[in-house]
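Student: sequence and predicted model, in that order:
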Amino acid sequence: SRLIVPGETLRKGGQRPPFLPVAPPFWLQRPPFSAAPIEAGAGMGYLPSHFGQDPAMTPPRKLFVKTYGCQMNVYDSERMAEAMGGAGYVTTENPAEADMIVLNTCHIREKAAEKVYSELGRLKPLKAANPELKIAVAGCVAQAEGAEILRRAPMVDLVVGPQTYHRLPQMEAEARAGGRPVDTEFPPEDKFDHLPKGPRAGRGPAAFLTVQEGCDKFCAFCVVPYTRGAEVSRPAARLMAEARDLVARGVREITLLGQNVNAYHGEGDAGPWTLARLLRAMAGIEGLARLRYTTSHPNDMDDDLIAAHGDLPALMPYLHLPVQSGSDRVLKAMNRRHTAADYLRLIERLRAVRPDLALSGDFIVGFPGETEADFEATLDLVRRVGYHSPFPFKYSARPGTPAAERPVLPDSVLDERLYRLQALIAQQQRAAQSAMVGREVEVLFEKPGRMAGQMMGKSEHLHAVNVTAGGLAAGDLRRVRITESRTNSLAGVLV
């Protein structure tokens, strides 16, 4: 069968770039566009077991969802669970009791597709024990592999891409009727318009909200335009309604998501809204205490968005702003369309309006053609910026992208450079955390900690903070004095 690289026909009718060949599935590493990877684990623990249950159904069917990858996949998994809740499903934490299993996949880590096939292999005994069990592969691996998944894994009943999961209930019904549907199109309709408006699950204190999808930047190393499509922004009114709904269900912090979120240009009253305007509007929602956004491109950080970091108390002093390299020569080869000096000037402007801004970023080590001088330029940029939590990665070729055709550096060089960058980053992270000791921070508590009587939450700067005290509950926003810096967290006492 013929395999089509995702994005061969992009949203809005655009054609794939001429450099993008028909190619076999590609084995990818985590991309530079996302923040820290999130493995949502075995199932949808953040949805109550009664979610979606219709009392008239006896017994209800059970849905198990496993999520891989970025925050947007976590958000998509929630919406898929809501869609299937409208079809009479309730969520479960136990795949052995599920009537349907959905693997919501990420295709930008190394050997991502093979990991999905390995996971499917582990599900074979469940399928053998329950032939009526329906297994779906969703997300970016589904988008990339399409019908090839059905060929390689006959146990899979349906394949759905990230832009068509609103059709999941219909596809499940088709699968139960004996079909094996595949839908990896970029449909003209907005999937969010077609998701059910029925009962919604109660929420924790922090939530994600997708406002923008896709990317038009075409960085030489990146597959996002082909797995998520061209840039599309959701209408502002719908986002405001969804944000109000989240707050009504107990959410106090919302992170706005997009592959290139600061390129947001959703339809609003009297013309398109920018991300800054959307943030300002959401900051006025009663009961919403905190706002964040991720992930951004330096070229889309406009004046109004910079000003918002100084003007909006609800906008937290944390920003993930990838740069990828400190070498202008490498940045040009990556098609980043900015220089290291451009990036540094942007950081200066941001810190001028918010001096305590904590910065995160992504770095690709060993991009094709990178010299020792290029890498030293990256180390110099990291020293000058002073990051709280950047994410370095060795370059891994993504077939179908321009950089994949270029000669790669030896693994020994990549390993050595990654080690040096990681050592510098670890030093900066330790310094950033140690500087918090003795300070007072505001913590939004989210869940119990590992120790008895302990609660864990996040500070304004996204540090994990553990406090042992009675009377704390998820959703509490309290002042905490930091008493200790640990390996990946802080400890403190209530003020």
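Tutor: Everything's here; your move.
Student: helices or strands up against the helix or strand of the chain with the lowest mean pLDDT?
Tutor: Least confident element among the helices and strands of the chain, by mean pLDDT, DSSP states H and E: helix 224-227 (a mean of 84). The contact analysis (3 or more C-beta pairs under 8 Å, 6 or more residues apart in numbering; DSSP states H and E) places helix 224-227 against helix 140-145. Bear in mind the C-beta positions are built from the backbone N, C-alpha and C, glycine included.
Student: coming back round to it: moving C-terminal of the least confident helix or strand of the chain, what's the next helix or strand?
Tutor: strand 232-233 (DSSP states H and E).
Student: that next one: partners in the sheet, and parallel or antiparallel?
Tutor: Partners of strand 232-233 in the sheet, by DSSP bridges, are strand 212-213 (antiparallel).
Student: report the distance from the partner strand to the chain centre.
Tutor: Distance of strand 212-213 from the chain centroid (C-alpha atoms, centre = their mean, to the nearest Å) equals 11 Å.
Student: go on, stretch 440-459?
Tutor: From the chain centre to the centre of stretch 440-459 is a distance of 23 Å (C-alpha atoms, centre = their mean).
Student: ok, stretch 142-150 next?
Tutor: The answer for stretch 142-150 is 21 Å, by C-alpha atoms, centre = their mean.
Student: then stretch 119-126?
Tutor: On C-alpha atoms, centre = their mean, the centre of stretch 119-126 falls 26 Å from that of its chain.
Student: what residues does the one helix or strand Leu418 maps to touch?
Tutor: Counting by DSSP H and E, the element that carries Leu418 is helix 411-434. Under the criterion C-beta atoms under 8 Å, 6 or more residues apart in numbering, residues 358, 363, 365-366, 375, 378-379, 382-383, 386-390, 392-395, 463, 485-486, 490 lie in contact with helix 411-434.
Student: and those, which are buried?
Tutor: Buried by 16 or more other C-beta atoms under 10 Å: 358, 363, 365-366, 375, 378-379, 382, 387-390, 392-395, 463, 485, 490, out of the contacts of helix 411-434.
Student: and Leu312, what does it touch?
Tutor: Applying C-beta under 8 Å, 6+ apart, we find Leu312 in contact with 279-280, 283, 291.
Student: helices along this protein, start to end?
Tutor: Counting by DSSP state H, the chain has helices at residues 71-85, 112-129, 140-145, 148-152, 168-176, 224-227, 236-248, 275-282, 303-311, 328-333, 340-353, 372-385, 411-434.
Student: mind putting those helices in CSV, distance to Val65 included?
Tutor: Output for the helices of the chain, formatted as CSV (distance: least, C-beta to C-beta, whole Å):
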stretch, distance to Val65
helix 71-85, 5
helix 112-129, 13
helix 140-145, 14
helix 148-152, 17
helix 168-176, 11
helix 224-227, 19
helix 236-248, 19
helix 275-282, 27
helix 303-311, 33
helix 328-333, 38
helix 340-353, 37
helix 372-385, 37
helix 411-434, 32
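Student: hey, which of the ones you listed is tucked in deepest?
Tutor: Comparing the helices of the chain by mean neighbour count (mean count of other C-beta atoms under 10 Å), helix 140-145 ranks first with a mean of 29.
Student: report the distance from that one to the chain centre.
Tutor: Centroid separation between helix 140-145 and its chain, computed with C-alpha atoms, centre = their mean, is 16 Å.
Student: equivalent analysis for stretch 164-183, please.
Tutor: Chain-centre distance of stretch 164-183: 25 Å, with C-alpha atoms, centre = their mean.
Student: could you give the mean pLDDT of it?
Tutor: For stretch 164-183, the mean per-residue pLDDT is 93.
Student: would you mind measuring the gap between the ends of that stretch?
Tutor: End-to-end distance for stretch 164-183: 7 Å, by C-alpha to C-alpha, to the nearest Å.
Student: which regions of the stretch 1-150 of the chain sit below the pLDDT cut-off?
Tutor: 1-58, 109-110 (pLDDT under 70).
Student: show me where it has strands.
Tutor: Using DSSP state E, counting those that start in this stretch, the strands assigned to the stretch 1-150 of the chain run over residues 61-67, 89-91, 100-105, 134-139.
Student: could these go into TSV alongside distance to Leu319 and mean neighbour count?
Tutor: Formatted as TSV, the strands of the stretch 1-150 of the chain follow (distance: least, C-beta to C-beta, whole Å; neighbours: other C-beta atoms under 10 Å):
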stretch	distance to Leu319	mean neighbour count
strand 61-67	25	24
strand 89-91	33	25
strand 100-105	27	25
strand 134-139	26	25
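Student: would you turn the ones you listed into a markdown table with distance to Leu209?
Tutor: Output for the strands of the stretch 1-150 of the chain, formatted as a markdown table (distance: least, C-beta to C-beta, whole Å):
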| stretch | distance to Leu209 |
| --- | --- |
| strand 61-67 | 16 |
| strand 89-91 | 20 |
| strand 100-105 | 17 |
| strand 134-139 | 18 |
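Student: before we move on, the earlier item: between the helices of the chain, which one is closest to Glu405.
Tutor: With C-beta to C-beta as the measure, helix 328-333 is the member of the helices of the chain nearest Glu405 (12.1 Å).
Student: what does that closest one rub up against?
Tutor: Contacts for helix 328-333 (C-beta under 8 Å, 6+ apart): 220, 324-325, 338-341, 367-370, 374, 377, 403.
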